[in-house]
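S.K.: I'll drop the sequence and a predicted model, then ask my questions.
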Amino acid sequence: MSRVLEFSLPEGLNAKEPPELRGSRRRDGVRLLVLNRRTGRVIHSLFDRICDFLVPGDLLVFNASRTLPALLVGRRESDKSRVELRLASHLSDDSWLALIRNALCEDCPVRGETNSVINFDLGLSARLESPHKEIPGMWKVRFSASGSALVDLIYRLGEPVRYRYVSRPWRLNYYQTVYAREPGSAEMPSAGRAFTWETFLRLRKKGIETAYTTLHTGLSSYLDDELDRRHPGFEEEYDIGERAASKIRVACSTGRRVIAVGTTVVRALESAAQADGIVSAGHRYTGLRITPDTALRVTDGILTGLHEPAASHLELLSAFISPALLREAYIDAVRLRYLWHEFGDLNLII
Amino acid sequence: MERLNAKHVLITGASRGLGRQLALDFSREGAAALALCARNRDSLRVLEREIDEIAPDTNVIVIEADMSRPVDIERLFAVALSEFHGRLDVLINNASALGPAPIPFLLDYPLEDFQTVLNTNLVGPYLAIRESLPAMFERGGSIINVTSDAGIVGYAGWGAYGISKFGLEGLSQTWAAELAETQVRVNWVDPGSMNTAMHRAAEPDEDPEQWADPADVTEVFIYLASDESKGVTGRRFEAQKFSSERAENHHVSGA
């Protein structure tokens, strides 16, 4: 990670609750930092004015993945101790990657054993198949249920993954975008959280197009600071339908801007882009890591949240804008007390 | 036949009465997938097997959910959209709670029952529409709310049920107005008096033979769920009148 992406984030700038509970009483009541990716010029605005920064013909691409209540608490069959399982990713062989921790002590890893079993309520169980090579506590697990039956049980048993900066548990629907469809994300694809149906209608009136993809997001933290700085990734499931692929191809071929709503969309689109930059439809997995050296083939801009110092997401943003300009904008955002994280303010880089 | 070819449909209150009949008739009309929801999973399982015999190609998923509980509604749509890979073309808000039967006068109505009826019959459909919009906003879709003449006339002795249906009429009109510029259509249907367990409980002194069979009222639902009603939104339908007119037109055109 380049030093220019390091900055100091005061504790008070963590968004602790959803914006609709902060005073504006509205989902779209967040600030918008608009950043010109070539000049670095910054405009401080409000999210409900986002249409002012878009032009007819722009194509906004969203991640319509629905957030799972991905934190499950169960008991190890061997010693009956309570463990917490954080779902991270659904794998192609229908197993899952999950981070397993001691339920009573978030920082205490649990020594798992291959073939050991964790039992949950309602008859659900998970068998540990193999540990992840790079992430301590991360296991490949197989549940006793699958498909929509497993989704049903996860919804009955689970709760949303929550980090320490969030003041208290919030209901799952606070962790959903209004356009969320198929469930599968461990954490909310939060860049689109501020969109309301009213915003969509305004976008449509202005001639701004929309398309939807699905990339089920993994965990943003492994509850280990050193590991989080490196953030070794794993493959994430994504799906781009023919309808979306076609809209993206047409936008690209006619020179219109493709703006990703969230880093997940950038990863999905750039993963699906062939050498000639044409995006093909399909259901695939990607482990693509986008860095300042990545030549973006599809996306011209991004709407995203504000990310922590040294977070891997900042590397991705540096593919859009020079790290020096990004750092200046972030220092400005800290000075003006923008709010960070999933319930925080937003940053449009175009 | 096959008017619902390729449609993905979610029906609440599907275990009996009108909801059950809609599930059967929609499968006969070629629906690609049906998500059937009710509080009683066993009845849904029986229905699932019945549909499998009528229409083996229809993908049926049964989901146990109580429409008075927001967390159940959230789970219902998560499960259905997981099974249908994010697709949903038709939502039928059919589930209804009658409340205590025989229905007490409002002066005697228990508050808890009043709230449960409003939650099931009014808040439930509101949340269900919200949950279905993400799947419909881009491709279009049809939302059909089941109302009653007790939703336009305040009858003595129909308690919270009638009041909830007044609310549902307003809810339907408001959703239809707000979604007028989209391809999501909202219509509402009064099925009229039907010989169902709920109606028999509401009017135990009446002769149920005088009421229509649920099979006689499904035609308008098929019409509204199909592409035949493309562009039709914001309208109230009377199911029995619709069926009679259709039958008459069919008779005339066939004569």
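M.R.: That came through fine. Numbering: from 1, shown residues only, chains lettered A, B, ... in the order given.
S.K.: other SSEs contacting the helix of greatest length in chain B?
M.R.: Scanning chain B for the helix with the most residues, using DSSP state H, yields helix B:159-178. Contact here means 3 or more Cβ pairs under 8 Å, 6 or more residues apart in numbering or on different chains; DSSP states H and E; on that basis helix B:159-178 packs against helix B:111-118, helix B:124-136, strand B:141-146, strand B:184-190. Every residue, glycine included, has its C-beta placed from N, CA and C.
S.K.: how much distance is there from the last one to the middle of the chain?
M.R.: Relative to its chain's centre, strand B:184-190 lies at 10 Å (Cα atoms, centre = their mean, to the nearest Å).
S.K.: now the helix or strand just after that strand, how far from the chain's geometric center?
M.R.: Tracing the chain past strand B:184-190, the next element assigned as helix or strand by DSSP states H and E is helix B:197-202. Chain-centre distance of helix B:197-202: 17 Å, with Cα atoms, centre = their mean.
S.K.: tell me the average confidence for helix B:197-202?
M.R.: In this model, helix B:197-202 has an average pLDDT of 82.
S.K.: do the same with stretch B:49-56
M.R.: 97.
S.K.: likewise stretch B:36-45?
M.R.: On average, stretch B:36-45 scores 96.
S.K.: could you list the residues in contact with it?
M.R.: The contact list for stretch B:36-45 (Cβ atoms under 8 Å, 6 or more residues apart in numbering or on different chains) reads B:10-16, B:19-20, B:23, B:47-48, B:60-67, B:76, B:95.
S.K.: quick one on the thing from earlier: I'd like the helices and strands packed on helix B:159-178 as JSON lines, with mean pLDDT appended.
M.R.: Compiled in JSON lines, the helices and strands packed on helix B:159-178 are given as follows (pLDDT from 0 to 100):
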{"stretch": "helix B:111-118", "mean pLDDT": "96"}
{"stretch": "helix B:124-136", "mean pLDDT": "97"}
{"stretch": "strand B:141-146", "mean pLDDT": "98"}
{"stretch": "strand B:184-190", "mean pLDDT": "98"}
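S.K.: compile those into CSV and extend it with columns for distance to chain A and mean neighbour count.
M.R.: Compiled in CSV, the helices and strands packed on helix B:159-178 are given as follows (distance: least, Cβ to the nearest Cβ, whole Å; neighbours: other Cβ atoms under 10 Å in any protein chain shown):
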stretch, distance to chain A, mean neighbour count
helix B:111-118, 19, 16
helix B:124-136, 4, 23
strand B:141-146, 12, 26
strand B:184-190, 10, 24
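S.K.: of the ones you listed, which is nearest A:Ile100?
M.R.: helix B:124-136 (31.3 Å; Cβ to Cβ).
S.K.: got the CA coordinates for that closest one in CSV?
M.R.: Extracted in CSV, the C-alpha atoms of helix B:124-136 (Å, rounded to 0.1, in the frame of the first residue of the first chain):
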residue,chain,number,x,y,z
GLY,B,124,-48.2,-6.9,5.3
PRO,B,125,-49.2,-6.0,1.7
TYR,B,126,-47.4,-2.7,2.0
LEU,B,127,-44.2,-4.4,3.0
ALA,B,128,-44.7,-7.2,0.5
ILE,B,129,-44.9,-4.6,-2.3
ARG,B,130,-41.8,-2.9,-1.1
GLU,B,131,-39.9,-6.2,-1.1
SER,B,132,-41.1,-7.1,-4.6
LEU,B,133,-40.2,-3.9,-6.3
PRO,B,134,-36.5,-4.5,-6.7
ALA,B,135,-37.3,-7.5,-8.8
MET,B,136,-40.0,-5.7,-10.8
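S.K.: follow-up on the earlier one: distance to A:Ser130 added to the helices and strands packed on helix B:159-178, as a markdown table?
M.R.: Listed next are the helices and strands packed on helix B:159-178 as a markdown table, based on distance: least, Cβ to Cβ, whole Å:
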| stretch | distance to A:Ser130 |
| --- | --- |
| helix B:111-118 | 48 |
| helix B:124-136 | 35 |
| strand B:141-146 | 43 |
| strand B:184-190 | 45 |
